[in-house]
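J.: Let's see this in three dimensions:
(chains A and B)
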Amino acid sequence: MANGAATLEAAHAATDSRRAAIRAAGTGFSLVRMFAVMRKELRSYFAFPLVYVLSGIFLVLAGYYAYTDLVYFVTIAFARDIMQNYWQLLFADIRLCLLLTLPFITMRLFAEERKLGTVELLYTYPLRDGEVLGGKFLASVAIFFMMLALTVLYPVFLYSIHRFPLFPLFAGYLGLFLLGCAFIACGLFISSLCESQVMAGVGTITMLLFFWIINWNEAVFQNSWMSVMRAFSLFDQFGGFAKGVIDLDHVTYFVFFIVFFLFLTLRSMEARKWTGRR
Amino acid sequence: MDRPALEKSSGSGRGALWTNYLVLLYTVAAFGAMLGIANAIIGHYNVRWDLTPTKRFSLSEFDKRVLGGLTHNVKVMAFVRTEDAAYLELADLLFQAAAFTPRLTYQVIDVNKAPGMAREYGVTSYGEVVVESQGRRRDFDNARSELLIPAVLQISQEANKHIYFTIGHGERDMFDTDRANGYSVWRGLLEQNNYQIDNVSLFASGVPDDAKVVVSLGPRKDFLPEELAALVKYLDHGGHYVAMIDPFGSPSLVEFLKQYHLDFIPQVLVDPAYRLTAGEILTTQIPLRAEDNAISRGITAPTVFSLARGVMITAPVGASAPDNLTLEQESKFLQSSHESWASGDPKALTTGITEFQAGRDVKGPIPVGSEVDYAPAANPHIPLISMTRIIGLGSSAFASNQFVEMLGNKELSVSLINEMAGDEMLISSRERLNKTETAAFYISDQQARRLLMLGTVMLPGILFLIATSVFVRRRFFA
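T.: Numbering: from 1, shown residues only, chains lettered A, B, ... in the order given. Model (predicted):
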């Protein structure tokens, strides 16, 4: 008990000194400091092979689906309605690839720092929690954006062979981007709770699977409950984007999902301080 | 974003820790609830950007016109299996329609969970949709969203429109369900469009006053003079008549229609270039369609005609017809290809084998669907819907159960009645939906393999190379 109290005291002392340093800097939330964290995160991402390997695996899977969906489209679907029979399928498959790869990008964000002990260092920097969180989130989003941008080569390649409407693709990619950001926000939160990277990765996949299958229970629940569960399903909300339609409520759902999980992460970071853990 | 209040109270031991947990729980729940409510409000007043080229997932002008014009409440009940993804499009359209007009309400009912309700409405299959208004009801199957607005239009109209089919001359039977020779599928399609199908004997009662369209479906025997007189009387009063006459069918009717400058030639259409794959030369696609005719404009694929004869228009605009009618418009809206011909070979029909022979045969393109519209000579400037309109089709088989589902036949068989009954809105609705089917996108096997190489080998390969170089640098040079 005495040990715990001492740890708490030490944590408060560190927090106080950090706050004093921030006050000395004379500013509130600083974008400059947030981007500094982001740069540091990106440097550490690119300094290790993990991000390249994960992006490569993602592209192998996405490229394979791009090919098999194309074969399905020209043979089984008689090459009719490219939006419905190709892009919708491909977006749904890329969604699955993201589910399998993004948790491994986010698992290291807090858990690795905790394992290496660098989290103590991070918390003693004159940085607000929001700046740390924003920097880590944006760095992961930048990595994800790079991965997603590489898949744009598929439509570019096909467009060079045959013209098709491009605007619906914009909606699909916007949906994938928002979905990926939601995965990252969720992964950040789980990483902030876990001590080990493996636990963070597995926990994130489990959590995201929950949001996938939340409405796979039609036999049990009545329609009114089903509509509520459907409203919470990450994957049902994505369906409209894949069709080439942007619904404001789907966009706000993803934004609110991201904001909520970032808020949870912030609270988790804060709770670790007043419980004396790092 | 730091929380000084929490940290100040945290120094006083376990009680303060629990207080912090409670505050944390409260703030998380409150923030989550706030976001949930905000999302629900935004969802209620949703804004949609439909980026598809034809605004496929938004209410069209036609939909808005129908929904905006509702004068009575309409209730839609979709009996589906909620686990079927196919119904989501219908649910989306119902949501948009209900948001557009308070006159439309809807309910999505899971047949498995509410079997009693399904029994009460006599619903036996998944995907059946019931539309009710003013005590009347219309059903349609397969939960197809494109049928919803036409069903709402039908139910909101005061009465069904009568389409009469002449009988007594060996005509085909609209009530026959035979797979090859029946026409029950076409009848079902017309009934979905709110038409009431009835037979009429011209000899017994003439053409009823409420007839919107009169159709002769493949008559084989001659019409009596009294029957033709009843037909003339009907046409004289702006009647709309569709004659679908097969080769050698009803010579007296063929003669009668010549007065209206429609000539059903006896030769049978042959088109080896456009015959169906591995099929006979007498069953062919009809590739040429007039874009200025509402009937053929709405068709997305070539139609398929079997044992068809040509229908020529024998006079120019301005020509006279019985009862002082003047030809105001004419259209050969369906024609066979340039490689086709109309064969006068008597053996062609039985053997299905013939060669073009100059002098005996007529070189293509051969019209197989022609329309002539007449106005009274004294008053030529009347709207099209008030004119006497006659459509001649050189075959009746295209609308039979055997052929009606092929390529563009369904569109043709329904659109020609829509057009003659003055329901061009229904054609334009389908036309809008059909436009979503973009042109076929064919890609060679080699091109597809290039995509495979690009996606699964080249791009990931570059990334794996970088990963290897990073690993080597860190392992051996760091």
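J.: Under the pLDDT cut-off, which ranges of chain B? List them.
T.: B:1-13, B:82-83, B:85-86, B:142-146, B:158-160, B:276-280, B:425, B:428-440, B:478 (pLDDT under 70).
J.: Right, and chain A sits closest to which residue of it?
T.: B:Gly455 (2.1 Å; Cβ to the nearest Cβ). No exception for glycine: its C-beta is placed from N, CA and C like everyone else's.
J.: show me the contacts for that residue.
T.: A:59-60, A:62-64, A:66-67, A:153-154 (Cβ atoms under 8 Å, 6 or more residues apart in numbering or on different chains).
J.: quick one: it and B:Thr351, what's the gap?
T.: The gap separating B:Gly455 from B:Thr351 is 54 Å, by Cβ to Cβ, to the nearest Å.
J.: Tell me, how many residues neighbour residue 206?
T.: All of this is about chain A. Neighbour count for A:Thr206, taken as other Cβ atoms under 10 Å in any protein chain shown: 11.
J.: please go with chain B instead
T.: 17.
J.: surely it meets B:His237?
T.: No - between B:Gly206 and B:His237 there is no contact under Cβ atoms under 8 Å: 11.3 Å.
J.: Can you confirm whether stretch B:265-279 lies near chain A?
T.: No - under the criterion of Cβ under 8 Å from any Cβ of the partner chain, chain A is not reached by stretch B:265-279; the shortest gap measures 13.6 Å.
J.: With just CA atoms, put that stretch into PDB.
T.: Taking C-alpha atoms only, stretch B:265-279 is exported to PDB below (Å, rounded to 0.1, in the frame of the first residue of the first chain):
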ATOM      1  CA  ILE B 265     -45.300  -8.700 -96.000                       C
ATOM      2  CA  PRO B 266     -45.600 -12.500 -96.300                       C
ATOM      3  CA  GLN B 267     -41.800 -13.100 -96.400                       C
ATOM      4  CA  VAL B 268     -40.200 -14.400 -93.200                       C
ATOM      5  CA  LEU B 269     -37.200 -12.600 -91.700                       C
ATOM      6  CA  VAL B 270     -33.800 -14.400 -92.000                       C
ATOM      7  CA  ASP B 271     -30.700 -13.000 -90.400                       C
ATOM      8  CA  PRO B 272     -27.800 -15.500 -90.100                       C
ATOM      9  CA  ALA B 273     -25.500 -12.800 -88.700                       C
ATOM     10  CA  TYR B 274     -27.700 -12.100 -85.700                       C
ATOM     11  CA  ARG B 275     -29.100 -15.500 -84.900                       C
ATOM     12  CA  LEU B 276     -28.800 -16.600 -81.400                       C
ATOM     13  CA  THR B 277     -25.700 -18.600 -80.600                       C
ATOM     14  CA  ALA B 278     -26.100 -22.100 -82.000                       C
ATOM     15  CA  GLY B 279     -29.700 -21.300 -82.800                       C
END
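J.: in it, what's buried?
T.: Across stretch B:265-279, burial judged by 16 or more other Cβ atoms under 10 Å in any protein chain shown covers B:265, B:267-271, B:274-275.
J.: residue ranges for the helices of the stretch 151-278 of chain A, please.
T.: Counting by DSSP state H, counting those that start in this stretch, one finds helices in the stretch 151-278 of chain A at the ranges A:153-161, A:167-193, A:197-213, A:223-232, A:234-243, A:248-274.
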